[in-house]
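A.B. asks: this is a predicted model, with the sequence first.
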Amino acid sequence: PKKMGALLFTPPTIFFGGKDNKLNVKLDRSNFNMKKKIFDEKRSMGKWALVYDHSKSDFVEECVDMLQSASGTYGVKIGEPSPIFKIDGRNVRADQLLKEILEENKSVKVVFFFVHQRNNFYNSVKQHFTEKKILTQFFVNFNPKRKPNLSVYSKLLLQMMAKQGKVLWRVQRGLSSNKKDLAMMIGIDLINYRGGHLISATCTMDKNFTKFYNECGYVKASTKQNTKDFNSTCISNLVKKCVSKFTKKNEKFPKNVIIYRGGYGNARHLHDDMALEATKIRAKLDALTESKAECRMLYLTVNKKMSDRFFVKNGGNKVYNPNGGLLVVDRVTQKNRFDFFMVAQQVTQGCATPTHYFAIFNDTELLADEVYSLTYYQTFNYSNWQGPVRVPAVSKYAEKQLEIMSGAYKRFKDPKKIKYALP
């Protein structure tokens with residue numbers, strides 16, 4: 001073990017509802033409690049349908065009542081579900097269910113599933129409903145022996161609102177206030193899939209990092225070398241699409257593009273591969289702009305598969321997990337290179353696993369402190385968790401998108417059809 005100094009971040013300022021009203025954050029193991037009105041005006045969840053398993057018939061009314069009770073806390077208007085379907089999850093087809101729902105109500109935008117956990121049914125629903133651009137929310141952990149817990153229904157409601165593009169909260173940017181140029185972040189991840197790779201790229205679409213957009217692709221090559229080339233080509237094309245989409249929406253190029261590249265082993269043994277990928281991405285950005293100064297790029301690899309561990313010593317010989325927000329930039333980092341370790345999450349069981357960030361390419365003028373702050377603050381920006389996750393939100397969303405695609409499309413003979421998996 002090595003003894004070293006480290007920094008501990010203060011959690012960022014949280015603005016609820018995307019407004020400039022600060023949320024009075026009460027930290028509980030670095031998580032924050034949102035039991036207050038988020039929206040100034042009533043926000044409607046829109047037309048929604050309810051699908052429940054026949055075994056939960058006695059609890060449907062309770063479920064709806066609890067969702068409506070939770071809605072008042074946040075300033076959300078939620079009406080009665082229509083239609084309501086009772087199913088036997090073992091004998092139902094998602095495509096047929098979708099057809100019947102739309103026949104009864106063509107205006108449905110959200111379908112709430114109050115059912116048991118069945119992976120095949122879940123995957124099939126995600127496949128068919130997403131193709132029709134209908135949002136879905138599953139509630140599978142219901143326990144009839146426990147008293148109704150409003151916090152559980154509150155989280156379900158917030159997830160449904162987030163899926164509709166409603167801004168639940170906004171996180172302090174982390175960039176210096178005098179830098180008013182637009183910045184965008186892109187999270188890239190990939191997994192092995194049918195002898196090839198599924199690749200997901202999720203990017204921010206506004207200056208406050210509250211809107212997101214996703215692109216995905218599939219790569220399969222005959223040799224290991226071809227796979228590396230094909231992956232880098234596919235990823236550079238996905239980044240180009242993301243930047244083009246951002247530029248079209250904001251009517252100007254992002255001044256800085258910060259890329260978090262996950263989905264691999266230790267970056268220290270893959271510098272050449274990552275450098276090739278960064279070069280291709282830079283070339284794609286050059287093709288979009290008249291000069292490099294219009295759109296600068298920082299390319300960071302993100303390694304979560306770490307054997308390193310960091311502990312703090314609070315007197316005596318006992319060691320403890322660090323509090324969330326730990327930053328290590330000394331002793332275990334490389335000389336003459338920009339890399340750092342971060343433990344953003346608060347861990348209460350087991351040992352906290354750090355995440356290693358390594359800069360492969362950088363032509364931005366961002367300061368190191370800005371990169372540290374931006375990276376940490378954005379771990380609070382994942383809408384499914386009211387607190388920090390291990391990596392910035394764009395990386396977590398890219399990872400989540402891969403989980404959905406690989407599950408929903410595992411039965412397809414042609415993996416290229418995953419392009420229809422976009423939410």
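C.D. replies: Looks like it arrived, so ask away.
A.B. asks: and the residue lying farthest from the centre of the chain, helix, strand or coil?
C.D. replies: In the chain, G316 marks the outermost C-alpha relative to the chain mean, sitting 39.9 Å out by Cα atoms, centre = their mean. What DSSP: H, G, I helix; E, B strand; the rest coil gives for G316 is coil.
A.B. asks: confidence score at it?
C.D. replies: pLDDT recorded at G316 is 70.
A.B. asks: what's the answer for K26, then?
C.D. replies: pLDDT, K26: 55.
A.B. asks: against which helices or strands is the helix or strand where S244 lies packed?
C.D. replies: S244 is located in helix 224-250, with elements delineated by DSSP states H and E. If you count contacts as 3 or more Cβ pairs under 8 Å, 6 or more residues apart in numbering; DSSP states H and E, helix 224-250 packs onto strand 183-193, strand 196-204, strand 212-219, strand 256-261, helix 271-288. Heads up, the C-betas are built off the backbone N, CA and C, glycines and all.
A.B. asks: neighbouring contacts of stretch 153-164?
C.D. replies: Residues outside stretch 153-164 that contact it (Cβ atoms under 8 Å, 6 or more residues apart in numbering) are 34-35, 43, 45-46, 48, 63, 66-67, 69-71, 73-74, 76, 78, 109-110, 112, 135, 137, 139, 168, 383-384, 423.
A.B. asks: show me these that map onto strands.
C.D. replies: Residues of the contacts of stretch 153-164 located in strands (DSSP state E): 43, 48, 76, 110, 112, 135, 137, 139.
A.B. asks: the protein: helices as residue ranges?
C.D. replies: For the chain, helices defined by DSSP state H occupy the ranges 60-74, 94-104, 119-131, 150-163, 224-250, 271-288, 368-377, 393-408.
A.B. asks: F338: which of the ones you listed is closest?
C.D. replies: Evaluated with Cβ to Cβ, the helices of the chain place helix 368-377 nearest to F338, the distance being 6.8 Å.
A.B. asks: need the winner for burial among the helices of the chain.
C.D. replies: helix 393-408 (a mean of 23; mean count of other Cβ atoms under 10 Å).
A.B. asks: just checking, what packs against it?
C.D. replies: Counting contacts by 3+ Cβ pairs under 8 Å, 6+ apart, helix 393-408 is packed against helix 119-131, strand 183-193, strand 196-204, strand 212-219.
A.B. asks: shaky segments in the chain?
C.D. replies: Residue ranges of the chain with pLDDT under 70: 1-2, 4, 18-30, 40-42, 89, 177-180, 222-225, 265-269, 315, 408-423.
A.B. asks: let's see that with 50 instead.
C.D. replies: Counting by pLDDT under 50, the chain contains low-confidence residues at 267, 419-423.
A.B. asks: end to end, how far does stretch 87-103 reach?
C.D. replies: This stretch, stretch 87-103, spans 17 Å end to end (Cα to Cα, to the nearest Å).
A.B. asks: got a list of contacts for that stretch?
C.D. replies: 49, 51-54, 83, 85, 108, 111, 115-116, 118, 121, 124-125, 127-129, 132, 134.
A.B. asks: okay, the helices and strands packed on helix 393-408 in TSV with distance to F253 next?
C.D. replies: Below are the helices and strands packed on helix 393-408 laid out as TSV (distance: least, Cβ to Cβ, whole Å):
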stretch	distance to F253
helix 119-131	30
strand 183-193	9
strand 196-204	13
strand 212-219	16
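A.B. asks: which among those is found nearest to L298?
C.D. replies: Within these, the stretch nearest L298 is strand 183-193; the backing value is 9.6 Å (Cβ to Cβ).
A.B. asks: and the gap between P11 and M34?
C.D. replies: 14 Å (Cβ to Cβ, to the nearest Å).
A.B. asks: what do you get for G165?
C.D. replies: In this view, G165 and M34 are 18 Å apart by Cβ to Cβ.
A.B. asks: so those two - more neighbours on which side?
C.D. replies: M34 (21 against 10; other Cβ atoms under 10 Å).
A.B. asks: identify the residues contacting F338.
C.D. replies: Applying Cβ under 8 Å, 6+ apart, the residues near F338 are 358-359, 362, 368, 371.
A.B. asks: just among the ones in strands among the contacts of stretch 153-164, which is most surrounded?
C.D. replies: Busiest of the ones in strands among the contacts of stretch 153-164 [other Cβ under 10 Å] is F112, holding 24 neighbours.
A.B. asks: gap between that one and T136?
C.D. replies: In terms of Cβ to Cβ, F112 sits 8 Å off from T136.
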